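# below is the sequence, then the predicted model.
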Amino acid sequence: MIQRLLRSLVLVCLVLAIAGTASASTPQKKKSTKAKADTTAQVPASKQAVKKTPAKTEPAAPAKAEPAAPAKGAALIDLNSATKEELMTLTGIGDAFAKKIIDNRPYRGKNDLTKKKIIPAATYAKIADKIIAKQQAPPIKK
């Protein structure tokens, strides 16, 4: 095993020696390059400084935003009966979305907003905890 290591070391030295003579035998065209080549010293592979890479640290897990629960006492907005102004108080709901919500009534559930492609899923995720789709009571037959 020691003989293998010595052979490997001899081969590495030979390769370095050949590489050093090959680069020294090529003429330098620019004086500035020659000056740089003269000032740099070649260090054998066994004594080269080992570059230490900083220890990999795991990035902190991004904090997951919990859905904002409606404040106590804050009433949910009913999709089937809310006015345009009430709908526009919701995050991400402007004039156009409020009009689309009103035009596509009635809703069986609040998730109908995305099923019917009234609003994007990202907007729905922002307002899902603030809305409700109440059902109209059927008329009582006499």
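Cool, got the structure.
# any low-confidence regions in the chain?
By pLDDT under 70, the weakly predicted segments of the chain are 14, 19-74.
# the strands in it, which residues?
With DSSP state E as the criterion, the chain has strands at 77-78, 131-132.
# could I get the ones you listed as TSV with mean neighbour count and distance to residue 119?
The way it works is simple: take the backbone N, C-alpha and C, and place the C-beta from them, glycine included. As requested, the strands of the chain are exported to TSV (neighbours: other CB atoms under 10 Å; distance: least, CB to CB, whole Å):
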stretch	mean neighbour count	distance to residue 119
strand 77-78	18	13
strand 131-132	18	11
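# and residue 18, which of these is closest to it?
Residue 18 lies closest to strand 131-132 among the strands of the chain, at 76.7 Å (CB to CB).
# who are the packing partners of that closest one?
Using 3 or more CB pairs under 8 Å, 6 or more residues apart in numbering; DSSP states H and E, the elements in contact with strand 131-132 are strand 77-78.
# show the end-to-end separation of stretch 120-137, please.
With CA to CA, to the nearest Å as the measure, stretch 120-137 spans 29 Å from end to end.
# all good on my end, thank you.
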